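K.L.:
next comes the sequence, and after it the predicted model I'd like to discuss.
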Amino acid sequence: MTTGHRITIEPGDRHVRVVHGDRVLARSDRALVLKETGCPDRYYIPPEDVRLDLLTPSATRTHCPFKGTASYWSLPDAADLVWAYPDPKPEVAEIKDHLCFYDVDVR
């Protein structure tokens, strides 16, 4: 990691729910919380807790020097709504294949 940049991953201790419009896209009590310098906390949800049947793979890919290359999924009215790291860097291996959404309801 670059000096001054830090990433920590820990098990979440709250219920996470993702809703878009009137659809619940994910519910989980097993999300991982990724805390990264300069970024909001992000909840990475196991794929078993996500309605993958509602999502369509996107051609979008982005690269993070700390986490690796992300793949994205979309809804018909929400492009690139969710992302995951199918082959993350070893330092963040716990998030492999977990999905992350921009808007999450945490209770």
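P.N.:
Cool, got the structure. Numbers count the residues shown, from 1 in each chain.
K.L.:
C-alpha from now on. contacts and neighbour counts both.
P.N.:
Noted.
K.L.:
how about residues contacting the helix or strand of the chain with the lowest mean pLDDT?
P.N.:
Least confident helix or strand, the chain: strand 105-106 with a mean of 78, by mean pLDDT, DSSP states H and E. Contact with strand 105-106 is made by 14-19, as judged by Cα atoms under 8 Å, 6 or more residues apart in numbering.
K.L.:
just to be sure, residue 53 is in a helix?
P.N.:
Yes. Applying DSSP: H, G, I helix; E, B strand; the rest coil, one finds residue 53 inside a helix.
K.L.:
can you give me the neighbour number for it?
P.N.:
7 (other Cα atoms under 10 Å).
K.L.:
roughly how far apart are it and residue 96?
P.N.:
19 Å (Cα to Cα, to the nearest Å).
K.L.:
what does residue 68 give?
P.N.:
In terms of Cα to Cα, residue 68 sits 10 Å off from residue 96.
K.L.:
just checking, residue 36 touches residue 4?
P.N.:
No. Using Cα atoms under 8 Å, residue 36 is not in contact with residue 4; the gap is 10.6 Å.
K.L.:
between those two, which has more neighbouring residues?
P.N.:
residue 36 (15 against 6).
K.L.:
check contacts around that one.
P.N.:
Per Cα under 8 Å, 6+ apart, neighbours of residue 36: 5-8.
K.L.:
bridged to it, which residues?
P.N.:
Beta-bridge pairing of residue 36 under DSSP bridges involves residue 7.
K.L.:
same thing with residue 57?
P.N.:
residue 73.
K.L.:
for it, grab the count of nearby residues.
P.N.:
When neighbours are counted by other Cα under 10 Å, residue 57 registers 15.
K.L.:
how close does it sit to residue 82?
P.N.:
10 Å.
K.L.:
likewise for residue 96?
P.N.:
According to Cα to Cα, residue 96 stands 14 Å off from residue 82.
K.L.:
what's the answer for residue 9, then?
P.N.:
In terms of Cα to Cα, residue 9 sits 18 Å off from residue 82.
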